[in-house]
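[1] the amino acid sequence is not available; the structure is as follows:
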């Protein structure tokens, strides 16, 4: 009797174990099937192997290929390093940033600062010192206004000749310090239009320029009036230039009238006498 009960219990245990194992097997199979169904297909995309600078001409060691979701590949990206090698960057990129066509200069565009100048713009360099360059805080990428001080009709005058001018380079550095430290150099290169370049050249030749650092998000045009030396140090506005009064030519006085002439006869003698008219 006890033996029968043991056989029955053993049979039930086997049935339960079989059902449990089959349940676990089905769950694992379903999980593997779900993973295969949700698997993401990827494509190879070219990214930066490390930080790359503005104007840098790309070489194979600057690039690497990584997997990217095929349905999310950025527009303008590359799948081969060869398509990027030999082209220069017109904007700096960080490590693992996707290399895009719009961030690369044409192959014939060369490298260096020239590729960072947009069509129709010019780069002009001006000599500066620590005062002019705002104690070194004028760095690549900052925005400045340009002032000039020189002689005018009313004496010394200071005026703002340009606003919203972007700094391309300080010395030969085309990127700001990663720690935000000031950069000092004897030359600052500005991005201007051809007309603005002429103003800067004239200002540096005939006066002394100063750079005013401004917030890059400040887009307002101030156009301040000029400041005259006489108004600054004497508290008065510059005297107006004297008016030139044209001289009226005076008419010559009329000639005096001819005198009266009278003939006087005395005896046999004739005399002529003149009297004032």
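    Structure received. None of these values were measured; they are calculated from a predicted model. Numbers count the residues shown, from 1 in each chain.
[2] domain-wise, how is the chain divided?
    When the chain is parsed with automatic domain parsing, its domains come out as 42-115, 120-234.
[3] so for the closest residue to residue 139 other than its chain neighbours, what's the pLDDT?
    For residue 139, ignoring the flanking residues on the chain, the nearest one in space by C-beta to C-beta, 6 or more residues apart in numbering is residue 176 at 4.3 Å. Quick note: C-beta positions are derived from backbone N, CA and C, even for glycine. Residue 176 carries a pLDDT value of 77.
[4] which residues touch residue 176?
    Residue 176 is in contact with 139, 140, 141, 142, 183, counting by C-beta atoms under 8 Å, 6 or more residues apart in numbering.
[5] among those, the buried ones, what's the ChimeraX command?
    With 16 or more other C-beta atoms under 10 Å as the criterion, this ChimeraX line picks the buried residues out of those:
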select :139,140,142,183
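[6] the residue nearest to residue 139: which element?
    Per DSSP states H and E, residue 176 falls between elements, in no helix or strand.
[7] for it, give its distance to residue 135.
    Distance of residue 176 to residue 135, computed by C-beta to C-beta, to the nearest Å: 15 Å.
[8] and if you look at residue 184?
    Applying C-beta to C-beta, the value for residue 184 to residue 135 is 8 Å.
[9] for residue 67, same thing?
    47 Å.
[10] let me see the ranges of the helices in the protein.
    Per DSSP state H, the chain carries helices over the ranges 2-37, 194-206, 229-234.
[11] switch the ones you listed over to a markdown table; also include mean pLDDT.
    Listed next are those as a markdown table, based on pLDDT from 0 to 100:
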| stretch | mean pLDDT |
| --- | --- |
| helix 2-37 | 69 |
| helix 194-206 | 93 |
| helix 229-234 | 72 |
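[12] got a markdown table for those helices, with mean neighbour count and distance to residue 220 too?
    A markdown table is the format used below for the helices of the chain (neighbours: other C-beta atoms under 10 Å; distance: least, C-beta to C-beta, whole Å):
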| stretch | mean neighbour count | distance to residue 220 |
| --- | --- | --- |
| helix 2-37 | 10 | 56 |
| helix 194-206 | 14 | 18 |
| helix 229-234 | 13 | 25 |
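[13] among these, which is nearest residue 156?
    helix 229-234 (3.5 Å; C-beta to C-beta).
[14] relative to residue 50, how far out is residue 102?
    21 Å.
[15] about what we covered before: residue 184 and residue 135: who's more crowded?
    Taking other C-beta atoms under 10 Å, residue 184 and residue 135 do not tie; residue 184 has more neighbours (15 against 12).
[16] so the more buried one touches residue 132, yeah?
    No. Judged on C-beta atoms under 8 Å, residue 184 makes no contact with residue 132 at a distance of 11.0 Å.
[17] how about the strands in the chain?
    Using DSSP state E, the strands of the chain run over 42-48, 63-69, 122-127, 143-152, 155-170, 187-192, 208-214, 227-228, 260-266, 269-275.
[18] want to throw those into JSON lines with distance to residue 31?
    As requested, the strands of the chain are arranged in JSON lines below (distance: least, C-beta to C-beta, whole Å):
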{"stretch": "strand 42-48", "distance to residue 31": "22"}
{"stretch": "strand 63-69", "distance to residue 31": "22"}
{"stretch": "strand 122-127", "distance to residue 31": "61"}
{"stretch": "strand 143-152", "distance to residue 31": "57"}
{"stretch": "strand 155-170", "distance to residue 31": "56"}
{"stretch": "strand 187-192", "distance to residue 31": "58"}
{"stretch": "strand 208-214", "distance to residue 31": "60"}
{"stretch": "strand 227-228", "distance to residue 31": "78"}
{"stretch": "strand 260-266", "distance to residue 31": "147"}
{"stretch": "strand 269-275", "distance to residue 31": "148"}
